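**Student:** mind looking at a prediction? Sequence and model below.
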Amino acid sequence: MSKASQADPLYLPPPLYDLLIVGGGINGCGIARDAAGRGLSVALVEMNDLASATSSASTKLFHGGLRYLEYFELRLVREALIERERLLAAMPHISWPMRFVLPYGPEMRFDTDTPASKLLHFFMPWMKGSRPAWVIRIGLFLYDHMGGRRILPPTSTLDLSKAPEGAPLQDRFRKAYEYSDCWVEDSRLVVLNARDAEIRGAEIMTRSRVIACHRQKENWWVTVENTETGETREIRTRCLVNAGGPWVGDILQNRTHVKTRENVRLVRGSHIVTRKLYDHDKCYFLQGNDGRIIFTIPYETDYTLIGTTDQDHPDPDTPPECTVEEQDYLCDFVSGYFKKPVTRDDIVWTYSGVRPLYDDGASSATAATRDYVLTTDDADGAPILNVFGGKITTYRRLAESAMDKIGRWFPDLSGHWTAGVPLPGGDFAVSGVDTQIQRLREAYPFLNGFHARRLVRAYGTDAFDILGTAKTREDLGRDFGATLSEREAAWLMDREFACTAQDIVWRRSKLGLRMSAEEISELNDWMQLRRKEGTSAAAE
């Protein structure tokens, strides 16, 4: 904005917010919710869809990170374990307990880069990098007790020759440990945080790219471009939050021009989804001869999710893809455990995301810290908060820490409030999912079991608001396939910021696994027409 235009007596300055958050991933949306709930005026801008990058490409677990114990990241693990149950209670529709089976074999080895392996090698060189059972049991004991576990059951030992969990595994595995962690629908977690932030007064702007930032006395002036129309707008904010994920460094260097020594390390994590590999509902925690670990997780009823890899990624603007080499690596890894080999022919879908880890100078991508680092700068005027790293399990604590950091500029800021407060649709007991499904089917008898469970698992108690006064399936409007109705799609557009079919079938849900290309195309056409009609009506 030029000085001349600001001097014009008719000039109206752009809107002023307390906080402008750049980035619509889990960290940005978590901070937006926390800040809005404390009464700050908040705006969030995201250049694509919410959770369109890292936050929809995780392994989808609320977990402490058992393997991080080998890196002695005790604070991170303890905080994550405490958060695991706290989050489970606040979102029982999109998160639920899972049991993890860790088969044990004497050939297992430590990753040689971990501090634990180096320490054992120093004091017990005769072990030659092996991972003995007593070390695993000590780790699981710590995992059970560091976080004050109350809801989840403790570790147990399985005889794989008798237990059903041993049936898919090769006969050489005779013993396993079973411990608890939790599943989470990662991209829905992001959207629900954004939705709750909006309910509390925040403005959420998707498809909005920050193209320039500059400090002007006590405020940041930010130019934002609508990536669909090309239109630009100016926004002022007292504090800027850089939660750009893989682009956090780009925002610092090329948008805000803030000088810092802090940097981000981009690590690609790839996953494959195969046809269902086994019948039970437990996960496997598999350890390779190279010291790395892989999870196999029951996924979307009929599939198995396998991941993840750790590879350095060169550039945030290079779309991450699960390479053929990574697919082969994951297939070979799992085939080393299961009786029936897994091949690329079994893969039905792959996805890959870029983790924006804090660059701590680690020698490998696997060894890089998963802890978060928050930095602030107000040397030249208005403050900026930069978010490096983090993991999905600790997003709520990260948001609290971020608010603590910026509290010096907002002296009247109220205290922590998000612990235990349900996200939209999550106002029922952790054990109440089946009850909610039963209630939904009683209220709407035309729903089959799959449809009712999917709605409750996605929306919780909000499923009743979506279905409203419907008496028959036809009352829900057009059927796009895989139980997705016109009424549900309209809800996702009106309440959950969805703009395209991709937003719905791969982020608000995973119905892309079940819908045909033609069905997805028809959904997209319907959505674009609805948006066009809505724009025309608003202009009249």
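**Tutor:** Noted; the coordinates are in hand.
**Student:** please make it C-alpha for all contacts and neighbour counts, starting now.
**Tutor:** OK.
**Student:** what's the helix or strand hosting Ile272 packed up against?
**Tutor:** Using DSSP states H and E, Ile272 sits in strand 264-275. Helices and strands touching strand 264-275, as assessed by 3 or more C-alpha pairs under 8 Å, 6 or more residues apart in numbering; DSSP states H and E, comprise strand 303-307, strand 311-312, helix 324-335, strand 347-358.
**Student:** who does the next helix or strand after that strand pair up with?
**Tutor:** Per DSSP H and E, strand 264-275 leads on to strand 283-287 as the next helix or strand towards the C-terminus. According to DSSP bridges, strand 283-287 forms sheet pairs with strand 95-104 (parallel), strand 293-299 (antiparallel).
**Student:** of those, which approaches Ala490 most closely?
**Tutor:** Among these, strand 95-104 comes nearest to Ala490, with 24.2 Å by C-alpha to C-alpha.
**Student:** tell me the pLDDT at the residue lying closest to Pro422 once chain neighbours are set aside?
**Tutor:** Once flanking residues are discounted, Pro422 sits nearest to Ala90: 4.1 Å by C-alpha to C-alpha, 6 or more residues apart in numbering. We have a pLDDT of 96 for Ala90.
**Student:** check Met127 too.
**Tutor:** 59.
**Student:** same question, the one 10 residues further on
**Tutor:** Confidence per residue is given as pLDDT, and for Arg137 that number is 88.
**Student:** secondary structure element for it?
**Tutor:** Under the criterion of DSSP H and E, Arg137 resides in helix 133-145.
**Student:** please identify the buried residues of stretch 421-437?
**Tutor:** For stretch 421-437, a neighbour-count test (16 or more other C-alpha atoms under 10 Å) marks Pro422, Leu423, Pro424, Gly425, Gly426, Asp427, Phe428, Val430, Val433, Gln436, Ile437 as buried.
**Student:** how about it as PDB, C-alpha atoms only?
**Tutor:** Presented in PDB, the C-alpha positions along stretch 421-437 are these (Å, rounded to 0.1, in the frame of the first residue of the first chain):
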ATOM      1  CA  VAL A 421     -12.200 -29.800  25.700                       C
ATOM      2  CA  PRO A 422     -13.900 -31.900  22.900                       C
ATOM      3  CA  LEU A 423     -13.500 -31.100  19.300                       C
ATOM      4  CA  PRO A 424     -16.700 -30.700  17.300                       C
ATOM      5  CA  GLY A 425     -18.700 -34.000  17.400                       C
ATOM      6  CA  GLY A 426     -16.500 -35.500  20.100                       C
ATOM      7  CA  ASP A 427     -18.800 -34.900  23.100                       C
ATOM      8  CA  PHE A 428     -19.200 -38.500  24.200                       C
ATOM      9  CA  ALA A 429     -17.200 -41.100  26.100                       C
ATOM     10  CA  VAL A 430     -14.200 -42.900  24.600                       C
ATOM     11  CA  SER A 431     -16.100 -46.200  24.900                       C
ATOM     12  CA  GLY A 432     -19.300 -44.700  23.400                       C
ATOM     13  CA  VAL A 433     -18.700 -45.200  19.700                       C
ATOM     14  CA  ASP A 434     -20.900 -48.300  19.400                       C
ATOM     15  CA  THR A 435     -23.700 -46.600  21.400                       C
ATOM     16  CA  GLN A 436     -23.500 -43.600  19.000                       C
ATOM     17  CA  ILE A 437     -23.700 -45.900  16.000                       C
END
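**Student:** quick check: mean pLDDT across that stretch?
**Tutor:** Here stretch 421-437 scores 97 as its mean pLDDT.
**Student:** so how far is it from its chain's centroid?
**Tutor:** Between the centre of stretch 421-437 and the centre of its chain there are 20 Å (C-alpha atoms, centre = their mean, to the nearest Å).
**Student:** and the strand holding Ile272, which strands flank it?
**Tutor:** With DSSP bridges as the test, strand 264-275 is paired with strand 303-307 (antiparallel), strand 311-312 (antiparallel), strand 347-358 (antiparallel).
**Student:** for those strands, which one sits closest to Leu16?
**Tutor:** Of all the strands paired with strand 264-275, strand 347-358 sits nearest to Leu16, with 29.4 Å by C-alpha to C-alpha.
**Student:** can you get me a residue count around Val324?
**Tutor:** Per other C-alpha atoms under 10 Å, the neighbour tally for Val324 reads 10.
**Student:** packing partners of the helix or strand where Arg78 lies?
**Tutor:** Per DSSP H and E, Arg78 falls inside helix 74-90. Counting contacts by 3+ C-alpha pairs under 8 Å, 6+ apart, helix 74-90 packs against strand 95-104, strand 175-184.
**Student:** on that earlier part again, so which of the strands paired with strand 283-287 gets nearest Trp349?
**Tutor:** strand 293-299 (11.8 Å).
**Student:** helix 324-335 and the closest one, what's the angle between them?
**Tutor:** In terms of direction (axes from the mean of the first three to the mean of the last three C-alpha atoms, to 10 degrees), strand 293-299 departs from helix 324-335 by 80 degrees.
**Student:** is it correct that Phe173 is in contact with Leu102?
**Tutor:** No - using C-alpha atoms under 8 Å, Phe173 is not in contact with Leu102; the gap is 10.2 Å.
**Student:** which one's more surrounded, these two?
**Tutor:** Taking neighbours as other C-alpha under 10 Å, Phe173 and Leu102 compare with Leu102 leading, 20 against 17.
**Student:** and the more buried one, what pLDDT?
**Tutor:** The model reports Leu102 with a pLDDT of 95.
**Student:** please apply the same query to Glu540.
**Tutor:** 56.
**Student:** how many neighbouring residues does the closest residue in space to Glu300 that isn't next to it in sequence have?
**Tutor:** Once flanking residues are discounted, Glu300 sits nearest to Lys510: 7.8 Å by C-alpha to C-alpha, 6+ apart. By the criterion of other C-alpha under 10 Å, Lys510 has 16 neighbours.
**Student:** check contacts around Cys499.
**Tutor:** Cys499 makes contact with Met493, Met527, Gln528, Arg531 under the criterion C-alpha atoms under 8 Å, 6 or more residues apart in numbering.
**Student:** contacts only, for the residue nearest to Leu61 when sequence neighbours are not counted.
**Tutor:** Spatial nearest neighbour of Leu61, excluding adjacent residues (C-alpha to C-alpha, 6+ apart): Trp183 at 4.5 Å. Trp183 makes contact with Lys60, Leu61, Phe62, Ser95, Trp96, Pro97, Met98, according to C-alpha under 8 Å, 6+ apart.
**Student:** one more time with 6 Å
**Tutor:** Trp183 is in contact with Lys60, Leu61, Phe62, Ser95, Trp96, counting by C-alpha atoms under 6 Å, 6 or more residues apart in numbering.
**Student:** and the fourth one, how many neighbours?
**Tutor:** Neighbouring residues of Ser95 were enumerated by other C-alpha under 10 Å; the total is 26.
**Student:** ok, the nearest residue to it once chain neighbours are set aside - how many residues close by?
**Tutor:** Distances taken as C-alpha to C-alpha, 6+ apart place Val184 nearest to Ser95, at 4.3 Å, with adjacent residues excluded. Residues lying near Val184 (other C-alpha under 10 Å) number 24.
**Student:** same thing with the one 5 residues further on?
**Tutor:** Burial measure for Leu189: 25 neighbouring residues, criterion other C-alpha under 10 Å.
**Student:** element containing it, please.
**Tutor:** Element membership for Leu189 (DSSP H and E) is helix 186-199.
**Student:** pull the distance from that helix to the chain's centre.
**Tutor:** Helix 186-199 sits 11 Å away from the centroid of its parent chain (C-alpha atoms, centre = their mean).
**Student:** go through the helices and strands packed on helix 74-90 and name the closest to Gly468.
**Tutor:** Ranking these by proximity to Gly468 (C-alpha to C-alpha) places strand 95-104 first, at 24.5 Å.
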